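*Asks:* Dropping a prediction and its sequence here:
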Amino acid sequence: GAVVSQHPSWVICKSGTSVKIECRSLDFQATTMFWYRQFPKQSLMLMATSNEGSKATYEQGVEKDKFLINHASLTLSTLTVTSAHPEDSSFYICSARGELAGVYEQYFGPGTRLTVT
Amino acid sequence: GESVGLHLPTLSVQEGDNSIINCAYSNSASDYFIWYKQESGKGPQFIIDIRSNMDKRQGQRVTVLLNKTVKHLSLQIAATQPGDSAVYFCAEKGTGGGNKLTFGTGTQLKVEL
């Protein structure tokens, strides 16, 4: 079964509004969570890395004030896309790294499809 | 900059045949490599991994080969099935940079009946 969940699985919002995406690790504590963005027919691009209780580290070119990341607990991280625009429409995937059943691994969520109209 | 890339964007194979998906990487400091399968509208699914101190690793119907001399990675899928149709990504992790995964461009595998 899935070890990382995302909510919502898809969302449509109007330009200028903000959208929050949740990422939860199930049955394990995620010391680190990653957020990726994937445009159609392209690869996953890392946006930011977050450790529980500390500020996220953003990749070059990713606006930290536009993509707010909160990693408040060892099982939950949120990505808020502020003042969304159509060019923010993408597939957002989170990944959680931690130990599950004795294996330290990075597990991916199912993704969230964001469409900004 | 450093990158991980794939030679073929699309690979079509007949059901039952073997598939070989290739990946070239440029970061010689990479010490860990992973192959992921991504079906449409879903997140990446772990297939198999290999560390840089190995040149071959086998799983169930899959084999990963690593050639560090030419910085080349391949994924072999035996007896390809329709359910194998997906996009396959290689990813590499270096010794620095916060243990981040860098993904290649992906190969679309299409299995024809």
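*Replies:* Perfect, thanks for sending it.
*Asks:* got the phi/psi numbers for the closest residue to chain B within chain A?
*Replies:* Using C-beta to the nearest C-beta, residue A:108 is the residue of chain A that sits closest to chain B, at 4.2 Å. The way it works is simple: take the backbone N, C-alpha and C, and place the C-beta from them, glycine included. Main-chain torsions, residue A:108, degrees, to the nearest 10: phi -100, psi 150.
*Asks:* and it, what is it in contact with?
*Replies:* Contacts for residue A:108 (C-beta atoms under 8 Å, 6 or more residues apart in numbering or on different chains) come out as A:4, A:93, A:94, A:95, B:36, B:43, B:44, B:45, B:46.
*Asks:* just those residues now: which is nearest residue A:42?
*Replies:* Comparing these against residue A:42 with C-beta to C-beta places residue A:93 closest, at 12.2 Å.
*Asks:* re the thing from before, how close does the closest residue to the residue of chain A closest to chain B other than its chain neighbours sit to residue A:22?
*Replies:* Using C-beta to C-beta, 6 or more residues apart in numbering or on different chains and skipping the chain neighbours, the partner closest in space to residue A:108 is residue B:43 (4.2 Å). Using C-beta to C-beta, to the nearest Å, one gets 14 Å for the distance from residue B:43 to residue A:22.
*Asks:* same thing with residue B:65?
*Replies:* For residue B:65, the distance to residue A:22 (C-beta to C-beta) stands at 39 Å.
*Asks:* quick revisit: pick out whichever of residue B:43 and residue A:22 has more residues nearby.
*Replies:* Applying other C-beta atoms under 10 Å in any protein chain shown to residue B:43 and residue A:22 shows that residue B:43 carries more neighbours, namely 23 against 16.
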